[in-house]
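>>> Sharing a model prediction with you, sequence too.
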Amino acid sequence: MAFGAMKLSKTRTFLSTLGVVIGVASLILITSFGYGAQASILSRIQSMGANTLIVTPSTSTDVTRAVSGESALRKPLTYEDLQYLKDQILGLQASPQGQSRTNVRVGNNEINTSVAGTNEDFLTVYNYTLAEGRTFFLSDIAGYKNYCILGSTIATELFGTESPIGQSISLLNSKFYVIGVLKTVGSVGFSNVDTNIFVPITKLQIITGQDSLQGIYVTTPSDMSMDVLTVVITKLLTARHNMANFTITNMTQFVELATTTTDTLTTALTIIGLIALIVGGIGIMNIMLASVAERTREIGIRKAIGATRSDILLQFLMEAVTITVLGGTIGIIIGVVGSKFANSIFRAVVTPTSIIIGFAVSVIIGIFFGVYPAMKASRLNPVEALRYE
C-alpha cells in the first residue's frame with residue numbers, strides 16, 4: 001500500500017527523493033574534498049622525508065620589540081641567509097621558497113600560473129624527479145640565467161606533445177629558456193606543483209624586486225641529527241639577525257599541524273553536508289504532512305474497514321523510509337561518481353566512512369522526520385476522517 005501510494009504521487013515522491021539525493025551527494029562530495037586535501041598534504045609532506053626542516057619568518061614578541069625598538073620583521077629571511085647557512089654547515093642542502101604569480105606565453109597561448117624561485121638543491125630537498133632535461137646548476141643561480149623548469153601539466157598546456165627542452169617562453173616580461181620538465185607531482189594542498197614554473201631565485205628577485213623569502217627548506221646532513229641541526233641553525237640565524245625572528249619546524253610537527261588543520265576543515269565540511277541532509281529531511285516531513293491532509297478521507301476508510309493505528313503508522317513510515325533509502329542510494333552513486341570526476345581537478349578521496357555516514361543519516365532522517373506525520377495519520381478519528389472534504 002505504501003509503494004502504491006508513492007507510485008500514484010510520482011511528483012511528490014520525486015521531489016522528496018530529490019531532497020535526500022542532493023543532501024547525501026553533497027555530503028559525500030564535500031567530505032571527499034576535505035579528505036582529499038588531507039591526503040594530498042600529508043603525502044607530499046611525507047614524501048619529502050623525515051629529515052627535512054622548514055625555516056619560516058615570524059614576528060618577534062611584543063616585549064622584544066618594546067625593548068629593542070625594532071620592527072617585527074626587521075630582517076626577514078633572504079637568499080643570503082640560505083647561502084650563509086650552507087657556508088657554515090658542511091653538507092647542508094637547502095632550497096628557498098619564493099613565489100610570484102604571472103602570465104606565461106608561448107605564441108598565442110597565454111596562461112596565468114605560479115612562478116617559484118629556487119636553486120640547485122630543489123630537486124633533492126623537495127624530492128622531485130625530472131622527466132626530461134636537466135636541473136639548475138650553481139652557475140645558473142649565480143649567473144642570473146633566464147632558465148626555467150616546467151611542471152608536467154604546464155609543459156603540456158604550453159607545448160602539447162612537443163618537447164619543450166630548448167624552447168623559449170615569455171615569462172615575467174622576459175624570455176626564458178626551458179631546460180627541464182618535472183615528472184608528475186600532483187597537488188600540495190590547494191596548490192598544484194604540476195602547473196608551476198621554476199626559475200633561479202636570483203633572477204626572480206631581480207625581476208620582481210622581492211628580496212625576502214617565504215621560507216627555507218633544508219635537508220639534514222647524514223652525519224648530523226635533526227635536533228642538532230635545529231640548534232645550529234637557530235644559533236646562526238639569531239646571531240646574524242640579532243633576534244630570533246624565525247621559526248624552525250620539522251616534518252613531524254608539520255604533519256601534526258596539517259592533520260589538525262585538515263581534520264577541522266573536514267569536520268566543518270561534514271557539518272555543512274549534514275545540514276543539507278537535514279534540510280532535505282524537513283522537506284520530506286512537510287510533504288508527508290501535506291500527504292496526510294490530502295489523504296485524510298482515504299485513511300478514514302481504511303481505519304473504518306479494520307486498519308489499526310499500527311497499520312497506518314507503518315504505511316506512512318514505510319513511505320518516508322523508502323524515499324530516504326532510495327534517495328540515499330542514488331545520492332551515494334552521484335557523490336562517488338562526482339568525486340571521481342572532481343579528482344581530475346582537485347584531489348578527492350571518497351572514504352567508506354563518508355558513504356556509511358551518508359546512508360545511515362539519510363535513513364535516520366527518514367525515520368525521524370517520518371514519525372510525526374505517520375503518528376498524526378494513525379491518530380485520525382475514522383468518523384472525522386470520513387467527514388473530511
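Ah, there it is.
>>> going forward, measure contacts between C-alpha atoms and count neighbours the same way
OK.
>>> tell me the average confidence for the helix or strand containing Val20?
Using DSSP states H and E, Val20 maps to helix 10-47. Per-residue pLDDT values over helix 10-47 give a mean of 74.
>>> same for that helix, what does it pack against?
Using 3 or more CA pairs under 8 Å, 6 or more residues apart in numbering; DSSP states H and E, the elements in contact with helix 10-47 are helix 2-8, strand 187-188, helix 251-294, helix 309-342, helix 352-378.
>>> Following the chain onward from it, which element is next?
Assigned by DSSP H and E, the successor of helix 10-47 is strand 52-57.
>>> what's the distance between Ile365 and Asn127?
48 Å (CA to CA, to the nearest Å).
>>> Compare those two (neighbour count), which wins?
Between Ile365 and Asn127, Ile365 has the larger neighbour count (other CA atoms under 10 Å), namely 25 against 13.
>>> now that one, nearest residue through space, not along the chain?
Using CA to CA, 6 or more residues apart in numbering and skipping the chain neighbours, the partner closest in space to Ile365 is Gly281 (5.7 Å).
>>> what do you get for Tyr147?
Tyr177 (4.9 Å).
>>> Surely the one you found touches Ile169?
Yes - taking CA atoms under 8 Å as the definition, Tyr177 is a contact partner of Ile169 at 6.4 Å.
>>> Wasn't Ala116 part of a strand?
Yes - counting by DSSP: H, G, I helix; E, B strand; the rest coil, Ala116 is part of a strand.
>>> Am I right that it is in contact with Thr195?
No - under the criterion of CA under 8 Å, Ala116 makes no contact with Thr195, lying 10.8 Å away.
>>> where do the helices sit along the stretch 101-250 of the chain?
Ranges of helices in the stretch 101-250 of the chain, per DSSP state H, counting those that start in this stretch, are 122-126, 138-142, 152-159, 201-208, 226-241.
>>> I'd like the distance from the second one to the chain centre, please.
So the one you mean is helix 138-142. Relative to its parent chain, helix 138-142 has a centroid offset of 36 Å by CA atoms, centre = their mean, to the nearest Å.
>>> mind saving the C-alpha coords of that helix as PDB?
The C-alpha trace of helix 138-142 is given here as PDB (Å, rounded to 0.1, in the frame of the first residue of the first chain):
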ATOM      1  CA  LEU A 138      75.100  26.600  -9.300                       C
ATOM      2  CA  SER A 139      76.400  28.700 -12.200                       C
ATOM      3  CA  ASP A 140      72.700  29.200 -13.400                       C
ATOM      4  CA  ILE A 141      71.800  30.700 -10.000                       C
ATOM      5  CA  ALA A 142      75.000  32.700  -9.600                       C
END
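>>> Who are the packing partners of it?
Against helix 138-142 (3+ CA pairs under 8 Å, 6+ apart) you get helix 201-208.
>>> for the helix it packs on, which positions count as buried?
201-205 (16 or more other CA atoms under 10 Å).
>>> And the average pLDDT for that helix is what?
pLDDT averaged over helix 201-208 gives 93.
>>> Enumerate residues external to it that contact any of its residues.
Residues outside helix 201-208 that contact it (CA atoms under 8 Å, 6 or more residues apart in numbering): 79, 96, 98, 116-119, 141-142, 144-146, 172, 210-211.
>>> Pick the one among those closest to Arg297.
Ala116 (72.8 Å; CA to CA).
>>> Domain parsing of this structure, as residue ranges.
Following automatic domain parsing, one gets these domains for the chain: 2-43+262-387, 59-244.
>>> Pick the most deeply packed of those domains.
domain 2-43+262-387 (a mean of 20; mean count of other CA atoms under 10 Å).
>>> From the chain's centroid, how far away is it?
27 Å.
>>> Report pLDDT for Ala66.
In this model, Ala66 carries a pLDDT of 41.
>>> my bad, should have said Gly186
On the pLDDT scale, Gly186 gets 71.
>>> who's in contact with whichever strand or helix holds Leu82?
Here Leu82 sits within helix 79-88, counting by DSSP H and E. Identification of contacts with helix 79-88 by CA under 8 Å, 6+ apart yields 92-96, 201, 211-213, 216, 233, 236-237.
>>> For the residues you listed, give me a markdown table that also has distance to Ala268.
Below are the contacts of helix 79-88 laid out as a markdown table (distance: CA to CA, whole Å):
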| residue | distance to Ala268 |
| --- | --- |
| Leu92 | 41 |
| Gln93 | 39 |
| Ala94 | 36 |
| Ser95 | 35 |
| Pro96 | 34 |
| Ile201 | 38 |
| Asp211 | 38 |
| Ser212 | 34 |
| Leu213 | 32 |
| Ile216 | 32 |
| Ile233 | 38 |
| Leu236 | 41 |
| Leu237 | 39 |
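>>> which of the residues you listed lies closest to Thr184?
For those, the nearest to Thr184 is Ser95 (19.8 Å; CA to CA).
>>> Can you verify the closest one is assigned to a helix?
No - counting by three-state DSSP, Ser95 falls outside a helix, being strand.
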